[in-house]
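*Asks:* after the sequence you'll find the predicted model.
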Amino acid sequence: MKVGVFLARMQPLHNAHLWLIDKALEENDKVLVVLGSENKVDMLRNPYNINLRKKMLRECYDIKANRKLKVITLPDWTMESDRDSDKIWGRYLYYNVVANIGQKRFSIYYSDDVAFLDSWFKDTEVYDYITYRTFERASMFEGLSATKIRNALITRDIDYVKQYCPPSVVARFDELASYYDDVRKNPREDFSME
């Protein structure tokens with residue numbers, strides 16, 4: 001069975017995320033969306049809690065009716081700046097994916113530098129089981145990123161959010177912007193699990 005996997009934090013969800021999920025749905029029998037940073041909230045790069053992020057995604061897809069799509073959450077166990085643990089992180093991601101899809105082989109859909117994927121998987125026992133499906137972020141939706149969406153929330157640029165986000169995000173514009181304002185005043189520091 002062909003399985004596509006898409007890992008993202010969705011802080012918040014935007015149209016490039018949806019495009020990658022749709023691409024994976026088009027090309028695979030099953031798709032697993034891994035919502036990362038489950039345990040991180042109230043941080044500059046991870047402001048929104050996992051329940052809100054999951055809810056905004058579920059409003060875009062009827063996951064119960066779509067038997068091809070499954071969503072799981074995955075906690076971070078290191079800080080984003082911790083490059084020394086990349087191979088361990090890659091195995092952690094891989095074995096969590098395998099536990100959820102019931103097979104060793106899958107394609108991972110990714111829109112950042114392929115060097116990140118290599119830092120996680122290359123020269124490990126799992127590398128040969130993973131196929132990369134990479135897309136150039138700069139060419140997708142004018143280099144759309146969650147950082148750009150958060151900046152639009154700061155400046156209250158609802159037109160930008162309407163252009164690049166699904167209705168589940170647009171409908172929460174004021175809530176997301178206000179919450180992010182509060183986070184920016186007193187952000188939590190990134191952390192590693194003990």
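*Replies:* On my side now, so go ahead.

*Asks:* distance between the lowest-mean-pLDDT helix or strand in the chain and the chain's centre?
*Replies:* Here the helix or strand of the chain ranked lowest by mean pLDDT, DSSP states H and E is helix 114-121, holding a mean of 92. On the basis of Cα atoms, centre = their mean, to the nearest Å, helix 114-121 sits 16 Å off its chain's mean C-alpha point.

*Asks:* in it, which residues are buried?
*Replies:* 117, 120-121 (16 or more other Cβ atoms under 10 Å). Placement of C-beta: from N, CA and C, glycine included.

*Asks:* and the longest helix along the chain, which residues are buried?
*Replies:* Using DSSP state H, we find that the single longest helix of the chain is helix 86-101. Neighbour counts over helix 86-101 (16+ other Cβ under 10 Å) mark 86, 89-90, 92-94, 96-98, 100-101 as buried.

*Asks:* would CSV of those residues with pLDDT and distance to residue 171 be doable?
*Replies:* Below are the buried residues of helix 86-101 laid out as CSV (pLDDT from 0 to 100; distance: Cβ to Cβ, whole Å):
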residue, pLDDT, distance to residue 171
86, 89, 37
89, 91, 34
90, 94, 36
92, 95, 34
93, 96, 31
94, 98, 35
96, 97, 31
97, 98, 31
98, 98, 36
100, 97, 29
101, 97, 32
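
*Asks:* could I get those as a markdown table with distance to residue 30?
*Replies:* Compiled in a markdown table, these are given as follows (distance: Cβ to Cβ, whole Å):
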| residue | distance to residue 30 |
| --- | --- |
| 86 | 27 |
| 89 | 23 |
| 90 | 21 |
| 92 | 21 |
| 93 | 17 |
| 94 | 16 |
| 96 | 15 |
| 97 | 11 |
| 98 | 13 |
| 100 | 10 |
| 101 | 7 |
